[in-house]
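Q: below is the sequence, then the predicted model.
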Amino acid sequence: MKPLWRTAIILTAIAGAIITATLIFQRTNQPSIALTEEWIATQVAGGDSIIVRQIDGSQIEVELCGIDAPELKQGETPGQPLANEAKQKLQLLVTAADKQLMVIPVEKDNKGLTVAEVMAYGKGETDISFQEELLKDGLAKMRKSGMECPNHLAFEQAQKIAKASKVGVWSQSN
């Protein structure tokens, strides 16, 4: 028979793991975002943001996790170089997906926007990551923030490809 203290330690470890998993789930669970329902893109708001709608009609603006695309013109402020190209690329990705997207929420930002990875079903078994596509074309840079996206390593590789190819933002001297 095992000593009682071993059993107590094992039960304590199991309870700790359950509590930790519950806390993580509660922190990342966002009831306003359904992962299992299809999202329909209604508008490309910029090179790194899309407005999406669920089947029930609810709409949210989604900011693409982990990337920063050049900003479009705002009022009198001139837009950054390649801002229109980034928005056009994102629009092409949305159109190629027949506007049906997979939205994988990561968190809400300080403006209340949903920050998420956005993908579409590709041909065969391959999913198309919108972030990776923008990064590979040099139409976005990885965002340096405290938040890490689930596909962070793939994003790093995509950015390395763009840098090595000297495309988009990497073709410019500064």
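A: Looks like it arrived, so ask away.

Q: what strand or helix carries residue 13?
A: Here residue 13, judged by DSSP states H and E, is contained in helix 4-28.

Q: low-confidence ranges, this protein, go.
A: Counting by pLDDT under 70, the chain shows low-confidence ranges at 1-2, 15-17, 21-37, 74-79, 125, 146, 172-174.

Q: just the helices in it please.
A: Using DSSP state H, the helices of the chain run over residues 4-28, 83-96, 130-136, 152-165.

Q: reformat those helices as CSV; add mean neighbour count.
A: C-betas here are computed from N, CA, C, even on glycine. What follows is the helices of the chain, written out as CSV (neighbours: other Cβ atoms under 10 Å):
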stretch, mean neighbour count
helix 4-28, 10
helix 83-96, 18
helix 130-136, 24
helix 152-165, 16
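
Q: for residue 102, find the nearest of those helices.
A: The closest approach between residue 102 and any of the helices of the chain, judged by Cβ to Cβ, belongs to helix 130-136 at 9.8 Å.

Q: got a list of contacts for that closest one?
A: Judged by Cβ atoms under 8 Å, 6 or more residues apart in numbering, the contacts made with helix 130-136 from elsewhere in the structure are 47-48, 64-67, 69, 86, 89-90, 93, 117-120, 140-142, 149, 151, 154-155, 158-159, 161-162.

Q: next one: stretch 152-167
A: Contacts made with stretch 152-167 from outside it, assessed by Cβ under 8 Å, 6+ apart, are listed as 66-67, 129, 131-133, 135-138, 141-142, 149, 168-170.

Q: do I have it right that residue 68 meets residue 48?
A: Yes. With contact defined as Cβ atoms under 8 Å, residue 68 reaches residue 48; the gap is 6.5 Å.

Q: can you pick out the residue with more neighbours from these two?
A: It is residue 48, of residue 68 and residue 48, that has more neighbours when counted by other Cβ atoms under 10 Å, with 26 against 18.

Q: from residue 118, how far off is the more buried one?
A: Using Cβ to Cβ, to the nearest Å, residue 48 is found at 10 Å from residue 118.

Q: over to residue 102?
A: The gap separating residue 102 from residue 118 is 7 Å, by Cβ to Cβ.

Q: ok, the two, which is more surrounded?
A: For residue 102 versus residue 118, the count of surrounding residues by other Cβ under 10 Å is larger for residue 118: 26 against 18.

Q: just grab the bridge partners of residue 63 for me.
A: Each beta-bridge partner of residue 63 is listed here: residue 49, residue 115, as defined by DSSP bridges.

Q: which non-adjacent residue is nearest residue 148?
A: With Cβ to Cβ, 6 or more residues apart in numbering as the criterion, residue 148 has its nearest non-adjacent residue at 7.6 Å, and that residue is residue 66.
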